[in-house]
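1. attaching a predicted model along with its sequence, questions to come.
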Amino acid sequence: MSTRLRPIIIAITATLSSTPVIANELQPIIVSADLRESTEQDIPASVDVKTQADLQDQGATHFDDVLLKTPNVNFSGQSSRARHIQIRGMGERDEYTGAPNSSVGFAIDDIDFSGIGMTGNLFDTKQVEVLRGPQNTRYGQSAIGGLINIQTNDPTATQESMVEATIGQDNHKELGIMTSGPVSSKEDAAQYRIAIFKHNSDGFRTNETLDRTDTNGRDELTLRGKLRFFPDSDTTVDVSVIHADLNNGYDVWSRENQVTNDSNYKTYSNEPGQDNQLSNGLSIKAEWKKNRNFTVKSITSLGNTDSKYSYDLDWLDYDPAMSNGTFVNNQHRRTFSQDIRLTSTKNSKIFNDSTDWLIGAYFSNLEEENQRTELFETCYGFTCPTPDEFNAETQSTFTNKKLALYTQLSQAMNDKATLSYSLRVETNQKDFDQVKKLYGTYNTTGGDFYYDSDNPSETLWGGSISYSYRYNDTHTAYTGVTRGYKAGGFNTALTAGQQQTFDAETLYNYEIGLKSNYTEYNLKTKTTLFYMDRNNAQFDGYGTDPLNPNLYVFYTENFDKASNFGLETEFNWQTTKNFNLYGSLGLLQTKVNGTPFNTSFTVDGRDQAHAPNYQANLGFKYRTSKGLYLQSDITAVDEFYFDNVHDEKSDSYILIDARLGYENNDYEIYLWGKNLSDEKYSTRGFYFDQYDGDGEQRYINLGNPRQLGVTARVYF
């Protein structure tokens, strides 16, 4: 480790020892995901915000690029893009049930993409907000683990345009075009913004069976448009549309990849998978300020997504003496949400003009249809050439209607102390229907049909109490407790007596934090200590199908209790006019108490899956008046368990990124490198039997190797 860090440490030390000059002031940041759109300094919660400048300085064009650099945020590498995300150890690692119930919310311009966040393109993005802990009182979809909120840039009153182009190793090509401005020269003319981004790459895999290097490639197109208009002097309406067309390959698994350092980027599938997503979304946000006592905000969103997720089950070329199979899932999802809220003004404060108030109502409807096909055959243990075939076709429909009422009070106890209360009551109505057909040599001729149907309904509530104290212009401390919740549900593939249903989870999140802004030193710091007490904790698992031991089922189960506790701390220091030093650290401890569905496995007292004990990031940025730019950062991630149904772990790892460039007012050009030390690291792992006589084995998915490239950006 010391050898890798030494060059960067030397560079940092040399710069710190240079003569300081007048520093640039670090500007306040508004968190749009908060109901009142508070500043990052004032919001009494653990929040990480990456601005457009931060994203461009790091060369981030997708949320994948900054995910691991955010304290206590991890992901499950089981798709072509980060789709299943964990915050503080909470979050799904896959979704095969057809009844989504995300722990981590994911929104782009107020459009819900929870569980399907491959659309997280960051070209022309204003900021990325990561809110940790339960967001039931703050976010429409009431995410229990946290929220990722992406806000793209708004239209501008003056004309501006930009073109960005990138080329790199792995046949990496990107092109982005943005233009913004008023539609006419009138004083209150409507304003528009259009952004187009295209990404292509091969995916860092060589398929030896097909002699191809693009079976894991990405072919992605994102179109975004915004229109802001002003019906009158008191009303603003923002319309946002998004079109994302992702045609990606999915070919990352190999039977050779069992030990991280001995693994490689070769695959052998004869039927490589696909990970496609076609999403269209619309949001309409209207704000009315005519009434002197309150403002009205309405947010309406629509989403429509078609996706295909498939892979080669055996990861090999066809061999009649081995296991062979494919998995294909076609999904169609539609979402609608309506949020309306009234917010007090300074003229309508209550309790002797000490308390701001807010009330709102939220409704959402999610509809999802899945058509899944699993084909499997093996001669192992049977007489060939007649194969032992196990096939399944599953069709399911799922709807989830939510209706919630919420309120928030912020009481100024004096000029330094604020006490805030919030409450949300929500009803959930779910409907699920599924038909599974099993057929093949060892199933009944003509097929056996199995039916699942359920329509649970429940009412849940969440709330929070927080206290913040602004000691002076430098320090603000806060503490609070939040009650979060996650609705219960049903397991679609388990039979009677096998935990067909699971209960709602409740969570109490306790936090204490300090946020400081040392303006004389241009230094910002923030630290949060948290403890999350989980009751009826929901965990996902998988095992063989009780109807067919050659097919796998995925389920959710309740454990008695679980706890997630730790720390998040960050700093941003503009040490001189030219030099910026930044860093973050996330520490996490997790525990589980209870007996799993698979009673032969013990998870009691063990860490939770995908919950590394530490994540750290340290970096610097150096700019000169002549336009030279240099940036580098190091990310360190601890080992973590891959699943809750076995004890296999990843290895800890370190990633080093860097950029060297030239900047002026009209254009910028950068030479960049990712994972410069070419570290091998795993993002997902399994432990199971391929039914070829090998027995149970560990298999891992490798993260991306070293990559070099060039990016140019032109403004006009």
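-> Nice, thanks for sending it over.
2. contacts for stretch 341-351 next, please.
-> 35-36, 292-297, 355-361, 411 (Cβ atoms under 8 Å, 6 or more residues apart in numbering). Just so you know, the C-beta spots here come from the backbone N, C-alpha and C atoms, and that holds for glycine as well.
3. for that stretch, what is the distance to the chain centroid?
-> Distance of stretch 341-351 from the chain centroid (Cα atoms, centre = their mean, to the nearest Å) equals 34 Å.
4. and the end-to-end length of that stretch?
-> End-to-end distance of stretch 341-351 (Cα to Cα, to the nearest Å): 21 Å.
5. let me see the mean pLDDT of it.
-> Stretch 341-351 carries an average pLDDT of 95.
6. show me what counts as buried in it.
-> R341, L342, T343, S344, K349 (16 or more other Cβ atoms under 10 Å).
7. return the subset of those residues lying in helices.
-> Applying DSSP state H to these, no entry is found in helices.
8. how long is stretch 120-130 end to end?
-> 13 Å.
9. contacts for stretch 525-532, please.
-> In contact with stretch 525-532 (Cβ under 8 Å, 6+ apart) are residues 46, 88, 90, 132-133, 507-516, 518, 563-572.
10. mark which of those residues are buried, thanks.
-> Buried among the contacts of stretch 525-532 by 16+ other Cβ under 10 Å: 46, 88, 90, 132-133, 507, 509, 511, 513-516, 563-572.
11. in this structure, which spans are helices?
-> Here the chain has its helices, by DSSP H, at 2-16, 52-58, 64-67.
12. out of the contacts of stretch 341-351, list just those in strands.
-> Counted as lying in strands by DSSP state E, out of these, are F294, T295, V296, K297, T355, D356, W357, L358, I359, G360, A361, Q411.
13. which one of those residues is nearest T152?
-> Among those, K297 lies closest to T152 (Cβ to Cβ), at 18.6 Å.
14. closest one of the contacts of stretch 341-351 to Q434?
-> Taking Cβ to Cβ as the measure, Q434 lies nearest A361 of the contacts of stretch 341-351, at 32.0 Å.
15. that older thread, including distance to F686, could the buried residues of stretch 341-351 go into a markdown table?
-> What follows is those, written out as a markdown table (distance: Cβ to Cβ, whole Å):
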| residue | distance to F686 |
| --- | --- |
| R341 | 44 |
| L342 | 50 |
| T343 | 48 |
| S344 | 52 |
| K349 | 56 |
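16. worst mean pLDDT among the helices of the chain?
-> With a mean of 39, helix 2-16 has the lowest mean pLDDT of the helices of the chain.
17. so where's the protein uncertain?
-> For the chain, residues meeting the criterion pLDDT under 70 lie at 1-28, 33, 139-141, 379-390, 441-447, 492-499, 544-551, 599-601.
18. kindly indicate which of the ones in strands among the contacts of stretch 341-351 lies nearest Q56.
-> Of all the ones in strands among the contacts of stretch 341-351, Q56 sits closest to K297, with 29.7 Å by Cβ to Cβ.
19. what's the neighbour count on that closest one?
-> For K297, the neighbour count with other Cβ atoms under 10 Å is 19.
20. next one: the most centrally placed residue in the chain relative to R341, how far apart?
-> Compute the mean C-alpha point of the chain, and by Cα atoms, centre = their mean the closest residue is I85, 4.4 Å away. When distance is defined by Cβ to Cβ, to the nearest Å, I85 is 27 Å away from R341.
21. against V592, how distant is D560?
-> 9 Å.
22. got any residues that touch both of those two?
-> With Cβ under 8 Å, 6+ apart as the test, D560 and V592 both reach A537.
23. more neighbours: those two, which one.
-> Neighbour totals were compared for D560 and V592, and V592 leads with 22 against 13 (other Cβ under 10 Å).
24. report the contact partners of the more buried one.
-> If you count contacts by Cβ under 8 Å, 6+ apart, V592 has them with A537, F539, F559, K561, A562, V603, D604, G605, R606, D607, Q608, N644.
25. that one pairs with what?
-> Listed by DSSP bridges, the beta-bridge partners for V592 are A562.
26. gap between it and N644?
-> With Cβ to Cβ as the criterion, V592 and N644 are 8 Å apart.
27. which neighbours do these two share?
-> Counting by Cβ under 8 Å, 6+ apart, the common neighbours of V592 and N644 are F539, V603, Q608.
28. what's around the last one, how many residues?
-> Which is Q608. Q608 has 25 neighbouring residues, counting by other Cβ under 10 Å.
29. just want the phi and psi numbers for it.
-> Main-chain torsions, Q608, degrees, to the nearest 10: phi -80, psi 160.
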